[in-house]
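A.B. asks: pasted the sequence and its predicted model underneath.
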Amino acid sequence: VQLVESGGGLVQPGGSLRLSCVASGFTFSTFHMTWYRQAPGKERELVATISSTGSSLSYGSTNYADSVKGRFTISRDNAKNTMYLQMNSLKPEDTAVYYCNAVHRIVASVGYWGQGTQVTVSS
């Protein structure tokens, strides 16, 4: 089982980045997917989540942290086993390591984490 994030980097305030999370070794479509982030000295926080197929939620329903609403967009492509996070209008406070997380739609104790990708917003 693997979750591999990519797309992080250094960007100026106001810029954009698109993160990707490629999954392997499990049935991607049956897992709720979430982006988390952790800034230095702070706890890991939820950024955005997107639901799986076959759950009580409508497929592809999304939720966002208030701090990123209107700027970030989460999406998934089950055919490619990939989740994305489009980040626009980036701010210095978005600087963090971004992690992807997968949780089974029924058995919530079954879940996986990626290794993280660094996003730095600085001029």
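C.D. replies: The structure has been received and is ready for your questions. For clarity, every value in this text was computed on a predicted model and none was experimentally measured. Numbering: from 1, shown residues only.
A.B. asks: residues in contact with stretch 99-115?
C.D. replies: Applying C-beta atoms under 8 Å, 6 or more residues apart in numbering, the contact partners of stretch 99-115 are 1-5, 19, 21, 23, 26, 28, 30-38, 44, 51-55, 83, 116. From N, CA and C alone the C-beta is placed, and that goes for glycine too.
A.B. asks: the helices in this structure, which residues?
C.D. replies: Using DSSP state H, the chain contains no helices.
A.B. asks: so who does the residue positioned nearest the centre of it touch?
C.D. replies: With distances taken as C-alpha atoms, centre = their mean, Trp35 lies nearest the centre of the chain, 2.4 Å away. Each residue near Trp35 by C-beta under 8 Å, 6+ apart is listed here: 19, 21, 46-49, 74, 83, 85, 98-101.
A.B. asks: coming back round to it: return a ChimeraX selection command for the buried portion of the contacts of stretch 99-115.
C.D. replies: In ChimeraX, a selection of the buried entries from those looks like this (16 or more other C-beta atoms under 10 Å):
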select :3,5,19,21,23,26,28,30,31,32,33,34,35,36,37,51,52,83,116
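A.B. asks: nearest to Val121 among the contacts of Trp35?
C.D. replies: Tyr98 (11.7 Å; C-beta to C-beta).
A.B. asks: look up which residues are beta-bridged to that closest one.
C.D. replies: Assessed by DSSP bridges, Tyr98 has beta-bridge partners Arg37, Thr117.
A.B. asks: isn't it right up against Leu90?
C.D. replies: No. Counting by C-beta atoms under 8 Å, Tyr98 stays clear of Leu90, with 11.7 Å between them.
A.B. asks: what touches both of those two?
C.D. replies: Taking C-beta under 8 Å, 6+ apart as the contact rule, Tyr98 and Leu90 both touch Val119.
A.B. asks: what about Leu17, neighbour count?
C.D. replies: The local packing of Leu17 (other C-beta atoms under 10 Å) involves 21 other residues.
A.B. asks: equivalent analysis for Cys100, please.
C.D. replies: Look at Cys100: counted by other C-beta under 10 Å, it has 27 neighbours.
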